[in-house]
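Student: build me a model:
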Amino acid sequence: MEGKTAKILAGAAAVVLAALELTLFLCFRLSRPFYLSSALILSAVLVCTVAALLCHHGRASRMARRLVMDGDEVSASARVVEYSFFRKVAGLPRRFSPEELSTATDGFQCAVGRGSSGTVFKGILDDGTSVAVKRIDGGTPAHGDKEFRAEVSAIGAAQHACLVRLLGFCLSPRFLVYEFMENGSLDTWIFPSGGAGRMLTWQQRCQVAVDVARALAYLHGDCRAKVVHLDVKPENILLDGGHRGLLSDFGLAAMMGKEQSRVVTTVRGTAGYLAPEWLLGAGATEKCDVYSFGMVLLEMLGGRRNLQAEAGIGGSRRWTYFPKIVADKVREGRVMEVLDRRRRRRI
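Tutor: Numbers count the residues shown, from 1 in each chain. Reported below is the predicted structural model:
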């Protein structure tokens with residue numbers, strides 16, 4: 001618009017000067033030298049006017065371009081912030097670089113646990129967020145990649161208050177970044193050998209059981225794709241600051257279509273929690289998770305492992321199976337002896 005205005009003004013000035021020269025020549029019949037000198041003066045005035053207009057137009061254009069560029073930078077920055085904000089609100093994971101995770105974990109110095117598919121380190125991001133950084137430690141690159149894809153696929157298809165949230169990932173090397181749970185895993189709270197002096201009340205144990213049941217019900221029936229966890233155990237149930245239970249570690253998880261009744265997969269997991277039908281080759285179903293959850297409930301009630309080595313005669317070790325002990329106690333009418341002895345008097 002300003003360029004058009006400058007051109008119009010320059011053209012108008014040229015027309016006015018030409019008309020003025022013609023009028024002076026025709027009306028006053030001035031001498032030829034005077035006419036030529038006046039024409040030169042008027043032409044110089046015209047050139048200066050046009051030059052001033054063009055200079056002003058160029059300066060205005062440069063300022064406009066600078067403002068546009070600054071505006072683009074601000075807009076781009078705003079778009080990045082807006083995109084990051086909406087990703088966080090939507091629960092979408094962020095991609096981290098290896099350097100960021102190394103800095104957050106202080107060089108992976110503080111290992112806080114180990115799951116079926118990797119080692120977990122505590123870290124703190126630049127914004128002060130405490131995170132759990134899981135390094136996928138597959139035995140072979142192909143196996144590790146399978147664990148990584150299984151966990152990302154399962155947790156990516158699921159968003160629930162009773163599932164540990166995936167905050168981000170790193171592709172090479174393979175890391176998963178989760179929200180950090182202040183109170184660690186359930187096993188350190190229900191087994192005497194776990195943290196010294198740490199013990200859940202019966203009310204807290206009931207709440208954790210309800211939380212895990214809600215998580216499994218969501219994975220099996222309400223998730224976009226049916227997810228079978230296949231590794232439900234106390235080590236994979238984390239407790240937040242309020243001792244609420246969140247299911248974690250989807251390294252062995254399998255995804256199923258809504259119409260599928262079972263999935264054929266290699267038997268993996270932890271002894272004492274594996275469903276018999278899976279061990280016998282019938283395939284994995286959501287009932288495998290229900291069986292594992294039942295074993296966890298027994299452990300929460302008894303305050304001991306399902307499979308436990310005890311001292312035998314002559315210094316030998318013998319394995320005891322807690323479900324069999326429970327069945328015997330129920331048959332004998334001594335069911336109260338099954339309960340965690342540390343909490344038996346508080347029922």
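Student: going forward, measure contacts between C-alpha atoms and count neighbours the same way
Tutor: Noted.
Student: now Ser204: which helix or strand?
Tutor: That one is not Ser; residue 204 is Gln. Using DSSP states H and E, Gln204 maps to helix 202-217.
Student: would you mark the buried spots in that helix?
Tutor: Trp202, Arg205, Val208, Ala209, Asp211, Val212, Ala213, Arg214, Ala215, Leu216 (16 or more other Cα atoms under 10 Å).
Student: list the contacts of the second one.
Tutor: In this case it means Arg205. Met300 (Cα atoms under 8 Å, 6 or more residues apart in numbering).
Student: the last one too?
Tutor: With contact set as Cα under 8 Å, 6+ apart, Leu216 has these partners: Asp289.
Student: state the distance from it to Val290.
Tutor: Going from Leu216 to Val290 by Cα to Cα, to the nearest Å gives 8 Å.
Student: do the fourth one as well
Tutor: Between Ala209 and Val290 the distance, using Cα to Cα, works out to 12 Å.
Student: do the fifth one as well
Tutor: Going from Asp211 to Val290 by Cα to Cα gives 14 Å.
Student: helices of the stretch 201-347 of the chain, start to end?
Tutor: 202-217, 276-279, 286-302, 322-331 (DSSP state H, counting those that start in this stretch).
Student: redo those as CSV? Include mean pLDDT and distance to Ser316.
Tutor: Converted to CSV, the helices of the stretch 201-347 of the chain look like this (pLDDT from 0 to 100; distance: least, Cα to Cα, whole Å):
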stretch, mean pLDDT, distance to Ser316
helix 202-217, 97, 34
helix 276-279, 91, 28
helix 286-302, 96, 24
helix 322-331, 94, 19
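Student: below-threshold pLDDT in the stretch 101-250 of the chain: ranges please.
Tutor: Low-confidence segments of the stretch 101-250 of the chain, defined by pLDDT under 70, span residues 115-117, 138-144, 146, 156-157, 193-197.
Student: mind listing what His229 touches?
Tutor: Phe250, Leu252, Ala253, Ala254, Glu286, Asp289.
Student: coming back round to it: now the helix holding Gln204 - C-alpha only, PDB.
Tutor: Extracted C-alpha coordinates of helix 202-217, given in PDB (Å, rounded to 0.1, in the frame of the first residue of the first chain):
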ATOM      1  CA  TRP A 202      -5.500 -53.200  56.100                       C
ATOM      2  CA  GLN A 203      -7.400 -50.200  54.700                       C
ATOM      3  CA  GLN A 204      -4.400 -49.200  52.500                       C
ATOM      4  CA  ARG A 205      -4.000 -52.800  51.300                       C
ATOM      5  CA  CYS A 206      -7.700 -52.900  50.300                       C
ATOM      6  CA  GLN A 207      -7.300 -49.600  48.500                       C
ATOM      7  CA  VAL A 208      -4.300 -50.900  46.500                       C
ATOM      8  CA  ALA A 209      -6.200 -54.000  45.600                       C
ATOM      9  CA  VAL A 210      -9.100 -52.000  44.300                       C
ATOM     10  CA  ASP A 211      -6.800 -49.700  42.300                       C
ATOM     11  CA  VAL A 212      -5.100 -52.700  40.600                       C
ATOM     12  CA  ALA A 213      -8.500 -54.300  39.900                       C
ATOM     13  CA  ARG A 214      -9.600 -51.100  38.200                       C
ATOM     14  CA  ALA A 215      -6.400 -51.000  36.100                       C
ATOM     15  CA  LEU A 216      -6.900 -54.600  35.000                       C
ATOM     16  CA  ALA A 217     -10.600 -54.100  34.300                       C
END
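Student: any idea of the angle that helix forms with helix 286-302?
Tutor: Counting by axes from the mean of the first three to the mean of the last three Cα atoms, to 10 degrees, helix 202-217 lies at 170 degrees to helix 286-302.
Student: for the helices of the stretch 201-347 of the chain, give me JSON lines that also has distance to Ser97.
Tutor: JSON lines is the format used below for these (distance: least, Cα to Cα, whole Å):
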{"stretch": "helix 202-217", "distance to Ser97": "30"}
{"stretch": "helix 276-279", "distance to Ser97": "39"}
{"stretch": "helix 286-302", "distance to Ser97": "34"}
{"stretch": "helix 322-331", "distance to Ser97": "45"}
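Student: closest to Leu339 out of these?
Tutor: helix 286-302 (4.5 Å; Cα to Cα).
Student: which helices and strands sit right next to that closest one?
Tutor: Helices and strands touching helix 286-302, by 3 or more Cα pairs under 8 Å, 6 or more residues apart in numbering; DSSP states H and E, are helix 202-217, strand 226-228.
Student: give me that answer again for 10 Å
Tutor: Applying 3 or more Cα pairs under 10 Å, 6 or more residues apart in numbering; DSSP states H and E, one finds that helix 286-302 contacts helix 187-190, helix 202-217, strand 226-228, helix 276-279, helix 322-331.
Student: ok so, going back, and of the buried residues of helix 202-217, the nearest to Arg318?
Tutor: Arg205 (29.0 Å).
Student: any chance of TSV for the helices and strands packed on helix 286-302, columns distance to Pro173?
Tutor: Compiled in TSV, those are given as follows (distance: least, Cα to Cα, whole Å):
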stretch	distance to Pro173
helix 187-190	29
helix 202-217	29
strand 226-228	26
helix 276-279	32
helix 322-331	41
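Student: for Arg165, find the nearest of these.
Tutor: helix 202-217 (12.3 Å).
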